[in-house]
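Q: The following comprises the amino acid sequence and a computationally predicted model.
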Amino acid sequence: MLLIIILIVLAICLLPGLWTRWVLKRHARHREDFRGSGAEFARQLLDEQGLSGVTVEQTETGDHYDPSSKTVRLSADNWSGQSLTAVTVAAHEVGHAIQDHHGLGGLHLRSRMVGFTQVAEKLGSVLMLGIPVLLLLTRMHVPGLLLFAGGALAFGSAALVHLVTLPVEWDASFRRAMPILQSGYLSGADLGAARHILLACAFTYVAASLMSVFNIWRWIALLRR
C-alpha cells in the first residue's frame, strides 16, 4: 500500500514536467518550410507589433521575457532552431512583451514572484540540510522541527507562487500568441501541435509548483530514515 502511495505521489509531481519536456522535444525537429529561426521570428513579430524597442537575446537560463530590460530571451535551441517548437516558444515570449506593452500588471508581479521562488527554494534546501546537523549538535527535537517548518514553508510558498503566475502564462499563450500564429504564420496542420506547445509553456509553472511539493515530500521521506 505504501509503495502504491509513493508511486501515485511521484506520478502526480513528476509526470507534468516530463510531459512538458516531451511535447517541446517532439516538435523541435528542423523544418525547411519555416523561413527563419526562433530569434528571427521573435524579432519579426516584435517589429510588426510596434515593439522595436524590445530586444531579443540568447540565454542559458531558460526562455523568458524580462520586463525590466524589455528583452525576450530564448534558449540556444529556440534561438537558432528552425522548428515548430522554436517559433511557437518565441511567439509565447513575444506574448509577454505584448502584455507588458498593454500594461498587464500581473506580468511585473509575476517577474518579482519568480525571483522570490528561486530564493525560497534555495532557502528551503538550506534549512532542510541544517536539520540533521542541528539535531546532532543539540540533541533537541524542537529546533529541528522549527527548521523543518521553515523549510516546508519556503517550498510551499514557491509552489503557491508558481500557481499564481499561471494565469499570466495562459494569457501569453492563448490570448496573445495563438491569435498571432493563427493569422497566417502556421498552416492548419501545425496549429494543433502549436496549441500543445503553448499549453506546455503555460504548464511549465504547474510542473514547477508540483516539484516544490515533491521537494517537501522528499525531505520528509529522507528525515524519517
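A: Received, thanks. Numbering: from 1, shown residues only.
Q: now the strands: where do they sit in this structure?
A: 55-59, 64-66, 71-75 (DSSP state E).
Q: To Gly103, which of the ones you listed lies closest?
A: Nearest to Gly103 among the strands of the chain is strand 64-66; the distance by C-beta to C-beta comes to 14.5 Å. For the C-beta atoms, the positions are set from N, CA and C on the backbone; glycine is no exception.
Q: which residues sit against that closest one?
A: 71-73, 93-94, 96-97, 100, 111 (C-beta atoms under 8 Å, 6 or more residues apart in numbering).
Q: what's the spacing between the closest residue to Pro16 other than its chain neighbours and Ala158?
A: Excluding the flanking residues, the one nearest Pro16 by C-beta to C-beta, 6 or more residues apart in numbering is Ala207, at 4.2 Å. As judged by C-beta to C-beta, to the nearest Å, Ala207 and Ala158 stand 13 Å apart.
Q: Can you pick out the residue with more neighbours from these two?
A: Ala158 (27 against 20; other C-beta atoms under 10 Å).
Q: Confirm for me that that one is in contact with Val164.
A: No. Using C-beta atoms under 8 Å, Ala158 is not in contact with Val164; the gap is 10.8 Å.
Q: Would you map the helices across the chain?
A: Listed in chain order, the helices of the chain (DSSP state H) span 2-26, 38-48, 76-80, 84-101, 105-138, 141-164, 166-170, 178-180, 188-223.
Q: Now the strands of the chain in TSV, please, with extra columns for mean neighbour count and distance to Phe41.
A: Listed next are the strands of the chain as TSV, based on neighbours: other C-beta atoms under 10 Å; distance: least, C-beta to C-beta, whole Å:
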stretch	mean neighbour count	distance to Phe41
strand 55-59	16	10
strand 64-66	20	15
strand 71-75	22	10
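Q: Tell me which of those lies nearest to Asp33.
A: So among the strands of the chain, strand 71-75 is nearest, using C-beta to C-beta, at 20.5 Å.
Q: Walk me through which strands that closest one pairs with, and which way each runs.
A: If you go by DSSP bridges, strand 71-75 pairs up with strand 55-59 (parallel), strand 64-66 (antiparallel).
Q: Can you flag the weakest of the ones you listed by average pLDDT?
A: Ranked by mean pLDDT, the strands paired with strand 71-75 end with strand 64-66 at the bottom, a mean of 92.
Q: Can you give the distance of it from its chain's centre?
A: Remark: strand 64-66 is offset 11 Å from the chain centroid, using C-alpha atoms, centre = their mean, to the nearest Å.
Q: Over to stretch 50-63?
A: 16 Å.
Q: export that stretch as PDB, just CAs?
A: Output in PDB follows, covering the C-alpha atoms of stretch 50-63 (Å, rounded to 0.1, in the frame of the first residue of the first chain):
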ATOM      1  CA  GLY A  50       5.400  48.100 -32.900                       C
ATOM      2  CA  LEU A  51       7.700  46.900 -30.200                       C
ATOM      3  CA  SER A  52      11.000  47.700 -31.900                       C
ATOM      4  CA  GLY A  53      12.400  48.800 -28.500                       C
ATOM      5  CA  VAL A  54      12.300  45.300 -27.200                       C
ATOM      6  CA  THR A  55      15.500  43.300 -27.800                       C
ATOM      7  CA  VAL A  56      16.000  39.600 -28.400                       C
ATOM      8  CA  GLU A  57      18.800  37.800 -26.800                       C
ATOM      9  CA  GLN A  58      20.100  34.200 -26.300                       C
ATOM     10  CA  THR A  59      20.200  32.900 -22.800                       C
ATOM     11  CA  GLU A  60      21.300  29.900 -20.800                       C
ATOM     12  CA  THR A  61      18.600  30.400 -18.100                       C
ATOM     13  CA  GLY A  62      15.500  29.300 -20.000                       C
ATOM     14  CA  ASP A  63      13.100  31.100 -22.300                       C
END
